[in-house]
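Q: Task: produce atomic coordinates for the following.
(one chain, ligands or ions: 1)
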Amino acid sequence: MSTAEVLNSQPFVEPVTLEGQPGLTLGLPDGSRATVLLHGAHVLSWQAAGWGEQLYLSPAAGLASLQSGQAIRGGVPVIFPQFELKGPDTSLPRHGLARQRAWTLDSQQVGRDHALVTLLLSDDPITRAYWPHGFALELTVSLAPHRLDLELHATNTGDTPWPFSAALHTYLAVSELTQVRLQGLEGCHFQDAVTGGEHIEDHPEKRFAGEMDRIYAQVPRSLLLRDGPRRLTLESEGFEDAVVWNPGPDKCAALKDMPAEGWREMLCVEAAQVVNPPMLQPGESWTGRQSLVLPD
Ligand SMILES: O=P(O)(O)OC[C@H]1O[C@@H](O)[C@H](O)[C@@H](O)[C@@H]1O
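A: Numbering: from 1, shown residues only. Predicted coordinates for the structure are as follows:
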């Protein structure tokens, strides 16, 4: 059997290099594929069988010139231990350290109908220069038919307690922003970074016209994105909040790593733990999950 035939007949995990960046491709016999880079444990792509690409990656993301300390525009950046510049430790880089550092492959596994990898990041002299704490972060990426599961596991490996924020900053690809509907947020309190203030969501089905930057607190475990015939369920566990972000035309034009019209093709719906930063004692762990699920 040729390599291609073997890859097409059973789930697999294989090393890949994308524009010079090392990573891994997970694949299933139904044609599903997911790609994760070691840089940031950054999921760049999830192609679901019959549905195509589900994540937005900016064509100007500049992977070829990516350096340690830089972030990637698109896919699923891992945010830890600070969200945006909101602390708990505001001396950290924006959105924290995890998305900018090289992670290592910890383990990989394939089953009858899934493929899974776990990547690891722990403190080193560079992270300790920014944030003087012992930590171990694991991101597990699991691909199954019509489903991508991301699990972030944080452990305090140091000898002092620390508070943290975290998010899976998922950039969803959309056909056209104005056609998209997001269900499940009605009744949730949100902080609005565009207009300021705190409000309660009163729309059962959110629509989008341009810029939006909101942190919704204590959201339901399941949200639904409708985009034409596509129905994408976003399930979360452990993450209490959801951030909904689109830069809109003006801020998008100011982003060097996004094309001017890119805002029309994406919507970030981020599983987040921001409003109440957890405190981890030495030896304690925290786990958050986000699952993206399409109909069979
Ligand atoms: O440009 P960055 O650092 O990747 O951040 C993008 C956006 O990320 C969102 O999560 C924030 O709510 C926005 O305020 C922010 O602009």
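Q: how about the residues of the stretch 51-200 of the chain that lie near the ligand?
A: Applying C-beta under 6 Å from any ligand atom, one finds that the stretch 51-200 of the chain approaches the ligand through 71, 84, 94-95, 169, 193. No exception for glycine: its C-beta is placed from N, CA and C like everyone else's.
Q: Kindly reformat those residues as CSV containing pLDDT.
A: Formatted as CSV, these follow (pLDDT from 0 to 100):
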residue, pLDDT
A71, 97
E84, 97
R94, 96
H95, 97
H169, 98
A193, 98
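Q: Filter those residues down to just the buried residues.
A: Among those, those buried by neighbour count (16 or more other C-beta atoms under 10 Å) are 71, 84, 95, 169, 193.
Q: S165 reaches G87, doesn't it?
A: Yes: using C-beta atoms under 8 Å, S165 makes contact with G87 at a distance of 7.3 Å.
Q: what's around whichever residue of the stretch 101-250 of the chain sits closest to the ligand, how many residues?
A: Nearest residue of the stretch 101-250 of the chain to the ligand, counting by C-beta to the nearest ligand atom: W245, 4.1 Å away. W245: 21 surrounding residues under other C-beta atoms under 10 Å.
Q: which secondary structure element contains it?
A: Following DSSP states H and E, one finds W245 within strand 241-246.
Q: just G31 next, same as before
A: Under the criterion of DSSP H and E, G31 resides outside all helices and strands.
Q: How about the backbone phi and psi for it?
A: phi 100, psi -10 (degrees, to the nearest 10).
Q: again with T127
A: Torsion angles, degrees, to the nearest 10, at T127: phi -70, psi -40.
Q: isn't it right up against G96?
A: No: when contacts are counted by C-beta under 8 Å, T127 is not listed as touching G96 (9.8 Å).
Q: The two: which is more packed in?
A: G96 (26 against 21).
Q: which residues touch L105?
A: L105 makes contacts with 24, 38, 117-120, as judged by C-beta atoms under 8 Å, 6 or more residues apart in numbering.
Q: excluding its backbone neighbours, what's nearest E14?
A: Counting by C-beta to C-beta, 6 or more residues apart in numbering, T25 is the residue found nearest to E14 once chain neighbours are left out, at 5.5 Å.
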